[in-house]
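K.L.:
pasting the sequence and the predicted coordinates here, then a few questions.
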Amino acid sequence: MEAVMGPENDPELEEHRRVARLLTREPELQALAASQERVLTTHLRARLTEQLPSHDPMAVLLIAEVAVAVWRTCWERWGELAVEGEMEDPVQSYRRCREQLRAVVS
């Protein structure tokens, strides 16, 4: 995930930051993003089911849902920071999100 999110791999980082700011400010866009996340979760669940055939289907769904929730939370917080004028590296946002998840479930 970090490799995909890193600024060295994202020539459109500023465009993504602009979109993140818009999502933070516009509830209508948030609803559209939520519907896209549903599709992402469905695809991730199918891929995980193929790769982890012996896992309980509930566990696979939970993994997919948590992965998308971490991504969404990271993206949302990154957008909030952009609105506040902070230009945090998206990888750093993702790492902080993962750390918070670990703290919550520990």
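P.N.:
All right, it came through fine.

K.L.:
alpha carbons only for contacts and neighbour counts from here, please
P.N.:
Will do.

K.L.:
tell me which helix or strand residue 76 sits in.
P.N.:
In this structure, residue 76 sits in helix 57-83 according to DSSP states H and E.

K.L.:
give the rounded mean pLDDT of stretch 21-36.
P.N.:
On average, the pLDDT along stretch 21-36 is 79.

K.L.:
so, low pLDDT: which residues of the protein?
P.N.:
For the chain, the stretches with pLDDT under 70 are 1-11, 13.

K.L.:
and with 80 instead?
P.N.:
Within the chain, the stretches with pLDDT under 80 are 1-21, 23-25, 27, 30-33, 90.

K.L.:
can you pull up the most central residue in it?
P.N.:
Per C-alpha atoms, centre = their mean, the C-alpha nearest to the average position across the chain is that of residue 71, at 1.3 Å.

K.L.:
CA-only coordinates of stretch 83-98 in CSV, if you can.
P.N.:
Below are the C-alpha coordinates for stretch 83-98, written out as CSV (Å, rounded to 0.1, in the frame of the first residue of the first chain):
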residue,chain,number,x,y,z
VAL,A,83,-7.7,21.9,3.9
GLU,A,84,-5.8,23.1,7.0
GLY,A,85,-2.8,23.9,4.8
GLU,A,86,-0.7,20.9,5.9
MET,A,87,1.0,19.0,3.1
GLU,A,88,1.6,15.7,4.8
ASP,A,89,3.0,12.9,2.8
PRO,A,90,0.2,10.4,2.0
VAL,A,91,2.4,7.5,3.1
GLN,A,92,2.9,9.2,6.5
SER,A,93,-0.9,9.6,6.8
TYR,A,94,-1.3,5.9,6.0
ARG,A,95,1.3,4.8,8.6
ARG,A,96,-0.3,7.0,11.3
CYS,A,97,-3.7,5.4,10.4
ARG,A,98,-2.3,1.9,10.8
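
K.L.:
no more questions from me, cheers.
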